[in-house]
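Q: Fold the stuff below for me.
(chains A and B, ligands or ions: 3)
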Amino acid sequence: MIEPLPLSTLAEGPLFGLPLTQLWFGLLFVVLGTFLFLDGFDFGVGALFATRDDDHEREQLLSAIGPFWDGNEVWLVVFGGLLFAVFPVVYANLFSRHYLLMFAILGSLILRGLAPEMYEQRHDRRWQRNWGRAFVAGSLAAPFTLGVFVGNWLFGVQGVASAASLTIGLAVVALTVVDGAAFLGLKTRGNLRAETRLLGHLAQAAYLVLAVVGLLLGRSVPHVDVTAPTTLALLGLTVVLAAVYVGASRRGRHYVAFAAVAGQVYGLVALVATLLYPSIDPAAGLTAEAAIVSTLPLNLTSIGTALLLPLVAVYFVVLYSAFDGPVDEPDAYS
Amino acid sequence: MIDPVIASRLQFAVTTIVHIIFPVMSMGLAPFLIYFTWKEIRTEEQVYRQLREFWTKLFAVSFVVGTVTGIVLEFEFGTNFAAFSTAAGELFGGPLAVEGMMAFMLEATFLGIFVFGRERVTDRLYMLSSVLVGLGTWLSALWILIANSWMQTPRGFETVMESGQPVVMLVDPIAAYANPRFPWMYVHMQNAAVLSVALFMAGVAAYFVWMNRDTEFWRKTMKIALAVLLISAPFQAIHGDAYGRHVADTQPQKFAAMEAQYDTESSVGLKLLAFPTSFSDITDPRAENLYVVELPFVASILASGGDPGASITGLNDISTENPPVAIVFWAFRAMVGLGMWFILLAFWGGVRWYQGRLFDDDLLAKALVASSLLGIFTVELGWIVTEVGRQPWVIQGVMKTSAGVSPGLTGAEALTTLVGFVGVYSALLVLYSYVVTRLIREEAPTRPATPTDDDTRGVTVPNDD
Ligand code: HDD
Ligand code: HEM
Ligand code: HEM
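A: Ligands and ions are numbered 1, 2, ... in the order given. Alright, predicted model coming up:
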């Protein structure tokens, strides 16, 4: 018989003496990165939707993300929940300080989520044209506002936005277009794939430029050290992965290309995390150590997360393998 | 400029009142969908396949709107109630985080399979998906209601001062999460969801039966819905009755507001029906002024658990300011009144069914159609009682709502988003109603499910309006 862990010991110190503050700081950015990568291709497909006007192709784009986008978006909900549970002060400060920006993000997500569902409800031209536009608008606005938010967070911007955070917003839009094109490499064939690939390559170039410009614009903030070894290493890695993406997608190695985009997304959040640390909310002068919740709830959330996140990974494997392969027919999944 | 406290409260009210509609639909539909899927796989009867397909479409639309409105709530605690989030994050954040990982992930991933995957996966995995999606919706209610019930009956914590602000520290997680209100709330809420969906299904079915687009499909739907109604409607009232006693024990101020009881009295009757005798009784109901039909001693019996002479503490004898009594009082009356109506409706249908005349009673059909949305409406009323009744507290007895609002928030910002939400959410509701009506009109099966011969097909009224 295993003795159940008495609750009182959970209040005494961090679980197994682990450096929980650092682990949680890292994990939160992993969760944010996973959201940006997964929902990123949904946004990217939404942006690329603007470039297709053939009904059949548009249906294919919607089918490609149909079963996935909802699950992908939950990573943002989980990010919000975990930030609330582990760094409640940061959750409260950050979101109330960027009040209007937060609601711009939420509004964009509403538009993006609702539009494809509405698009499919009726088959007349006007209806589909309008919901198609709404879908594109939401898919561009969501990564842009999210990027601005991350930029504001990193650069400690107090007002609505700064030049640096606006540039980061554009960089994130470009990155999601790359992500969407790489995803369509796996999900489509022929003309559609070839043409979206080209746009993906353009977006890739734009991303590299915008990311570097954004960082240079923001470098006046003391903790944004653009010449730190980790910063340079992550930037170098991003350039290499960009080359891998372009090369692999040309040669039809679509999984490799997709993985190279994933690497760039995690590279971006890693860059934000390393520039921030040990601070977690520079504008409020808060370090991760000062913002962490007390021991008992921290241990409980850690146990819950350790049990649940692996299970979530299993759900995603089941879902993505049930719907693997390209969507050739308009209604391939229904 | 408008007070940011008022604007934030109004905004929270608007956003949750709209959000809850969709979870009620999905939580209530879940057990029906599991049943239809199981029967479809077991019996291979066409009618179950049609039932599953049709109601799954409705589920999918509700889920999408539930998701987009839910995300707003997840962040609204931080944007508008930053002081509350900082002070109570220790207890409040955990359930929300676990809800995301345990419940929303489960629903959102397996819903992909459940909606798009019937032909792609095995029967077994498909059946499992229906159960997991349903489980996900019920688990999300579990965690969110743990969070809410803790605000009603907070336990398992200590308050300490940190830089001049009170902060709630978790000391006993079991006492906090299994707080006294939680089981009451969960049972009442989940049964309300099932009851609301049964009413909705019965209403839609009655409409088609009445329009003579009957077919096996709608008759079957109506019987299934009625059977569920016959159990859930009486249960809701019996349970609500006991729930009221618990509220009187734990939140006497709210109970007094529900009864508009200003003076502490003993041997109080339950005001079954209350009629205002003047206009001011509507906006300012006071037990002593109303013309009431009451059950003598019952309020006392309820509040005390059996003692007809027990006294009920009146609002005048509670030191904090009153919640808006009129809203709480009338919303509570309306919830109970509608609850009684649902029982009547269920029995009426039951008697007709027993007599073998279920599909011949036009008045019953009209009553069912008219009541199809009342279940959801009643859920809103119940929540208004719960949330407005706990004012001025955001955490009962621990933190006032006015102290919970984000300190830096300006009236202009709060007003901007409030107006935005009223606009966007009204549009959302219009759109949702449009899509649901359209689904019912155009996608609902209106031909015989298993045509016996070509004649029956010929006489079916085409469904093309
Ligand atoms: C179909 C919906 C429905 C129906 C018919 C009823 N209720 Fe209800 N009621 C709700 C739906 C609801 C709810 C889901 O909206 C609430 C809000 C919070 C909760 O737990 O359930 C609620 C709350 C709620 C509360 C608690 C308020 C609080 O926590 O502060 C009480 C005392 C009752 N109800 C009592 C009743 C009684 C005596 C009913 C008699 C028929 C009744 N309800 C019918
Ligand atoms: C979905 C059903 C719900 C509805 C319809 C609802 C309705 C409302 C309403 C009308 C108010 C405004 C009360 C007032 O200011 O007078 C409110 C406030 C609030 N509710 Fe709810 N609520 C619901 C569920 C929840 C849940 C599940 C939680 C927590 C997990 C919650 C937390 C809050 C908070 C924090 C406030 C703001 C502070 C306050 O005004 O007390 N609500 N809600
Ligand atoms: C006021 C506090 C509330 C918050 C913060 C909240 C949060 C959320 C969020 C973030 C989602 C989207 C999840 C996804 O992406 O799938 C959601 C959906 C959902 N919520 Fe809420 N919610 C609240 C109130 C409630 C209440 C009171 C219930 C039920 C008792 C509930 C039940 C659900 C369900 C079942 C869903 C799944 C979507 C659907 O089926 O429509 N929520 N909620």
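Q: When you work out contacts or count neighbours from here on, use the C-alpha atoms and nothing else.
A: Fine.
Q: Give me the secondary structure label for the residue in the stretch 1-150 of chain A that ligand 3 sits nearest to.
A: Among the residues of the stretch 1-150 of chain A, A:V74 lies closest to ligand 3, at 4.7 Å counting by CA to the nearest ligand atom. Under DSSP: H, G, I helix; E, B strand; the rest coil, A:V74 falls in the helix class.
Q: Which residues lie in contact with it in this structure?
A: Applying CA atoms under 8 Å, 6 or more residues apart in numbering or on different chains, one finds that A:V74 lies in contact with A:F35, B:G100, B:F104, B:M105, B:A108.
Q: Quick check: what element follows the helix or strand containing B:V168 along the chain?
A: B:V168 is part of strand B:165-170, with elements assigned from DSSP states H and E. Per DSSP H and E, the first helix or strand lying C-terminal to strand B:165-170 is helix B:173-177.
Q: I'd like the mean pLDDT over that following helix, please.
A: For helix B:173-177, the mean pLDDT works out to 87.
Q: Please tell me I have it right and A:F183 contacts A:D39.
A: No. Counting by CA atoms under 8 Å, A:F183 does not reach A:D39; the two are 11.1 Å apart.
Q: ok, now which ones touch the closest residue to A:L20 other than its chain neighbours?
A: Nearest residue to A:L20, sequence neighbours excluded (CA to CA, 6 or more residues apart in numbering or on different chains): A:P14, at 6.7 Å. Counting by CA under 8 Å, 6+ apart, A:P14 touches A:L20, A:T295, A:L298, A:N299.
Q: in chain B, which spans are strands?
A: All strands of chain B, identified by DSSP state E, fall at B:157-162, B:165-170, B:265-266, B:270-275, B:291-295, B:311-312, B:393-395, B:399-400.
Q: how near is B:P4 to A:V90?
A: 21 Å (CA to CA, to the nearest Å).
Q: again, but for B:A82
A: 10 Å.
Q: Pick out whichever of those two has more residues nearby.
A: Each of B:A82 and A:V90 has its neighbours counted (other CA atoms under 10 Å in any protein chain shown); B:A82 has more, 30 against 24.
Q: Tell me the spacing between B:G112 and chain A.
A: 4 Å (CA to the nearest CA, to the nearest Å).
Q: Just give the number of residues close to that residue.
A: B:G112, neighbours per other CA under 10 Å, totals 24.
Q: On the three-state scheme, the closest residue to it other than its chain neighbours is what?
A: Distances taken as CA to CA, 6+ apart place A:P67 nearest to B:G112, at 4.2 Å, with adjacent residues excluded. Per three-state DSSP, the secondary structure class of A:P67 is coil.
Q: In space, what's closest to the residue of the stretch 151-300 of chain A found nearest ligand 1 - neighbours in sequence excluded?
A: For the stretch 151-300 of chain A, the residue closest to ligand 1 is A:P297, as judged by CA to the nearest ligand atom, at 25.8 Å. Spatial nearest neighbour of A:P297, excluding adjacent residues (CA to CA, 6+ apart): B:E90 at 6.2 Å.
Q: ok, the one you found touching A:N299?
A: No. Contact criterion CA under 8 Å: B:E90 and A:N299 do not qualify, at 11.4 Å.
Q: on that earlier part again, mind checking which of the contacts of A:V74 are in helices?
A: Among the contacts of A:V74, the members found in helices (DSSP state H) are A:F35, B:M105, B:A108.
Q: Now stretch A:125-138: buried residues?
A: A:Q128, A:W131, A:G132, A:R133, A:A134, A:F135, A:V136, A:A137, A:G138 (16 or more other CA atoms under 10 Å in any protein chain shown).
Q: Save the residues you listed as JSON lines, and put in secondary structure and pLDDT too.
A: Output for these, formatted as JSON lines (DSSP: H, G, I helix; E, B strand; the rest coil; pLDDT from 0 to 100):
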{"residue": "A:Q128", "secondary structure": "helix", "pLDDT": "87"}
{"residue": "A:W131", "secondary structure": "helix", "pLDDT": "90"}
{"residue": "A:G132", "secondary structure": "helix", "pLDDT": "89"}
{"residue": "A:R133", "secondary structure": "helix", "pLDDT": "91"}
{"residue": "A:A134", "secondary structure": "helix", "pLDDT": "92"}
{"residue": "A:F135", "secondary structure": "helix", "pLDDT": "93"}
{"residue": "A:V136", "secondary structure": "helix", "pLDDT": "94"}
{"residue": "A:A137", "secondary structure": "helix", "pLDDT": "94"}
{"residue": "A:G138", "secondary structure": "helix", "pLDDT": "94"}
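Q: how distant is stretch B:215-226 from the center of its chain?
A: Offset of stretch B:215-226 from its chain centre (CA atoms, centre = their mean, to the nearest Å): 24 Å.
Q: Phi, psi for the residue nearest to A:L20 please.
A: phi -60, psi 140 (degrees, to the nearest 10).
Q: pLDDT value on it, please?
A: A:P14 is given a pLDDT of 72.
Q: quick revisit: how much space between the residue nearest to A:P297 and B:F84?
A: 11 Å.
Q: can you check B:G244 too?
A: 27 Å.
Q: cool, A:F84 as well?
A: The gap separating A:F84 from B:F84 is 12 Å, by CA to CA.
Q: Those two: who's more crowded?
A: Taking other CA under 10 Å, A:F84 and B:F84 do not tie; A:F84 has more neighbours (31 against 27).
Q: contacting residues around the closest residue to ligand 2 within the stretch 151-300 of chain B?
A: Taking CA to the nearest ligand atom as the measure, the stretch 151-300 of chain B has B:M151 as its residue closest to ligand 2, at 7.5 Å. Residues near B:M151 by CA under 8 Å, 6+ apart: B:V394, B:I395, B:Q396.
Q: CSV please, covering the residues you listed and showing neighbour count and pLDDT.
A: Output for the contacts of B:M151, formatted as CSV (neighbours: other CA atoms under 10 Å in any protein chain shown; pLDDT from 0 to 100):
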residue, neighbour count, pLDDT
B:V394, 19, 88
B:I395, 21, 88
B:Q396, 18, 83
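Q: And the residue nearest the centre of chain B?
A: Centroid-nearest residue in chain B, with CA atoms, centre = their mean: B:V379, separated by 3.7 Å.
Q: ok, back up a step: restrict the buried residues of stretch A:125-138 to contacts with chain B.
A: Among the buried residues of stretch A:125-138, no residue is within reach of chain B (CA under 8 Å from any CA of the partner chain).
Q: For residue 81, grab the count of nearby residues.
A: Looking at chain A here, since you left the chain open. A:G81: 26 neighbours (other CA under 10 Å).
Q: Can you look at chain B instead?
A: So B:F81, with other CA under 10 Å, has 27 neighbours.
Q: Geometric centre of chain A: which residue is closest?
A: A:L36 (0.9 Å).
Q: Hmm, A:V265 and it touching each other?
A: Yes. A:L36 is in contact with A:V265 according to CA under 8 Å; the separation is 6.9 Å.
Q: any idea where the strands of chain A begin and end?
A: Counting by DSSP E, the strands of chain A are A:279-281, A:286-287.
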